[in-house]
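Student: From the sequence below, what's the structure:
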Amino acid sequence: MDDAIRHPLAYARDLRGWSQSDLALHMDRAARTHGFRSGADKAAVSKWETWRKVPSSETQVWIAEAFEVPPEDVEMFGWPDWLPGHDIPLPLGSAYTVQALREAQRTAMDRRTFMTLSAVSLAGLASQWARVEPDRLTTALNGKRVDTELVDWLEDTSAKLTALPTEQRQHTARLMDAHLATVTDLIADGRYTEPTGQRLHVLAASLATTCGWYRFDQGRHSAAGRLWTSALHSSHAAGARDFGAGVLSDFAYQSNWLGKPGISVDLLGNALVRTEHPTARSLLFLRRARAHAALGERSDCYRDLTAAETALSATSSDPAPGWCAWMSPADLAVDSGQCMLDLGRTDLAHARITEGMGLLPRARDKTRGIFLTYEARNLLKAREVEQALAVTNKSLDLATRIGAQRCVTLVRDLAPAFKPYRQVDGVPEFLERLRAA
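Tutor: Numbers count the residues shown, from 1 in each chain. This is a model prediction of the structure:
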């Protein structure tokens, strides 16, 4: 997108290839269907796009009809946040941060949206993050001053919600959504100092990331992608580079999960450009190793596994960023085992996965459930069916208890591998259980 486009209306118009005069014409056609004239012209559109004037409520109705946006969106999200962005992420920049947050919340509530961001869109977003410097935070001049005690409370409550055990976090999704909506309103309408603005944007990024992971666990990949896009916007606006790298890493994890490891490799390459903390770099290298393994790129996989191990063992005077603070030798061991499995080294895979499972803390049930499916897949390849069945049932129990639909799907994907062993005790019952899951 042209760097000269600095307003969401210009962006929405550019998506359709419309000039300012074209938009005025479409608005007038919409108004005439109701027996009115819009009164819009090129000069009026120019004033809206240069932030010199806000269109009236009636005029926004004609703009919405021109873009085929539901009228309830206009009322709910306000100008200019209701303007459409479709499946193309908004460019990074202060003019788009709030719109990205509003758009993410709208998509998160829409269960009919299934498409993920395209490879080209993700590549462009990652490239911008790696090269575009953040703008200075700007604030609304006519809003109320943001109470720093409220920001303290929001930060503290959000941290407590995020720190809940996996089984409990499934019940807090609406609370996290409400916190994100509150923080977005404060960013959009409040007056605050530069430090408070940075805190608000970092908090928005953190909440959007957590809300995105909830949607991802439910298999709602478009909503997750929108929320992570808004997290990238907010972290970029706050100058939180390490946090932005974590968001790109989440996109990469999703790409691997959806069978698109090539996208993951590119995303993680951009994420590594500006990431310095050794724990963060270890996780990024490890996820890129997984992508290389899925592509069958043996030497690249081994190189990144070595880099991940070296970085994890390095010391740092600063604590690890929150998004990767959980990274541990257990993760390195199990993901290394999965890499070996993808590369056909089943002997090494079993040893590494078993090692990692023994190191994993009990509190991380979702990760344990995923690791159990990796172990089951390895056991099936070794034709140790009874053991694989026991492990898979345990994984399904965990996934069902914590409400992680994507983990249930991961278990369900093992069904074809079990079907040749219907004569083994327990397999028919397990397959029937999967059909009901």
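Student: got the end-to-end distance for stretch 407-422?
Tutor: From its first residue to its last, stretch 407-422 covers 23 Å (Cα to Cα, to the nearest Å).
Student: Now do the buried residues in it.
Tutor: Residues of stretch 407-422 classed as buried by neighbour count (16 or more other Cβ atoms under 10 Å): 407, 408, 410, 411, 414, 417, 418, 421. All C-beta atoms are positioned from the backbone trio N, CA, C, and that covers glycine.
Student: Switch those over to TSV; also include pLDDT, secondary structure and distance to residue 239.
Tutor: Listed next are these as TSV, based on pLDDT from 0 to 100; DSSP: H, G, I helix; E, B strand; the rest coil; distance: Cβ to Cβ, whole Å:
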residue	pLDDT	secondary structure	distance to residue 239
407	79	helix	35
408	82	helix	39
410	80	helix	36
411	85	helix	41
414	85	coil	44
417	87	helix	47
418	88	helix	50
421	87	helix	55
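Student: Tell me if residue 51 really is in a strand.
Tutor: No: Residue 51: not assigned to a strand; according to DSSP: H, G, I helix; E, B strand; the rest coil it is coil.
Student: Can you classify residue 219 by secondary structure?
Tutor: Going by three-state DSSP: residue 219 is coil.
Student: distance of residue 7 from residue 26?
Tutor: To residue 26, residue 7 is 17 Å away according to Cβ to Cβ, to the nearest Å.
Student: the more surrounded of these two?
Tutor: More crowded of residue 7 and residue 26, by other Cβ atoms under 10 Å: residue 26, with 20 against 17.
Student: Next, give phi and psi for the nearest residue to the more buried one once chain neighbours are set aside.
Tutor: Using Cβ to Cβ, 6 or more residues apart in numbering and skipping residues adjacent in sequence, the residue nearest residue 26 is residue 66, 3.8 Å away. Here is the backbone geometry of residue 66 (degrees, to the nearest 10): phi -60, psi -40.
Student: Just the pLDDT for residue 341.
Tutor: The model reports residue 341 with a pLDDT of 85.
Student: Oh, that last question was meant for residue 68, not what I typed.
Tutor: For residue 68, the model assigns a pLDDT of 84.
Student: before we move on, which element is the residue nearest to the spatial centre of the chain in?
Tutor: Central residue of the chain (Cα atoms, centre = their mean): residue 228, 3.1 Å from the mean position. Assigned by DSSP states H and E, residue 228 falls within helix 221-237.
Student: so the following helix or strand past that helix versus helix 221-237, what angle?
Tutor: The first helix or strand that comes after helix 221-237 along the chain, using DSSP H and E, is helix 241-257. Put simply, helix 241-257 runs at 160 degrees to helix 221-237, going by axes from the mean of the first three to the mean of the last three Cα atoms, to 10 degrees.
Student: Please parse the chain into its domains.
Tutor: For the chain, automatic domain parsing gives the domain ranges 1-84, 361-437.
Student: Reformat the ones you listed as TSV; add distance to residue 178.
Tutor: As requested, the domains of the chain are exported to TSV (distance: least, Cβ to Cβ, whole Å):
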stretch	distance to residue 178
domain 1-84	15
domain 361-437	19
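Student: residues contacting the residue nearest to the centre of the chain?
Tutor: By Cβ atoms under 8 Å, 6 or more residues apart in numbering, the residues touching residue 228 are 208, 209, 212, 247, 250, 251, 254.
Student: Apply 6 Å and report the result again.
Tutor: 212, 247, 250, 251 (Cβ atoms under 6 Å, 6 or more residues apart in numbering).
Student: Pick the one among the residues you listed closest to residue 329.
Tutor: residue 250 (21.7 Å; Cβ to Cβ).
Student: can you pull the pLDDT of the residue nearest to the closest one when sequence neighbours are not counted?
Tutor: Spatial nearest neighbour of residue 250, excluding adjacent residues (Cβ to Cβ, 6+ apart): residue 228 at 5.4 Å. pLDDT recorded at residue 228 is 93.
Student: Residue 228 and residue 271, how far apart?
Tutor: According to Cβ to Cβ, residue 228 stands 12 Å off from residue 271.
Student: now swap in residue 362 and tell me
Tutor: From residue 362 to residue 271 the distance is 30 Å (Cβ to Cβ).
Student: for residue 362, helix, strand, or coil?
Tutor: Taking three-state DSSP as the rule, one finds residue 362 in the coil state.
Student: what's the neighbour count on the nearest residue to it once chain neighbours are set aside?
Tutor: Nearest residue to residue 362, sequence neighbours excluded (Cβ to Cβ, 6+ apart): residue 368, at 7.9 Å. Look at residue 368: counted by other Cβ under 10 Å, it has 22 neighbours.
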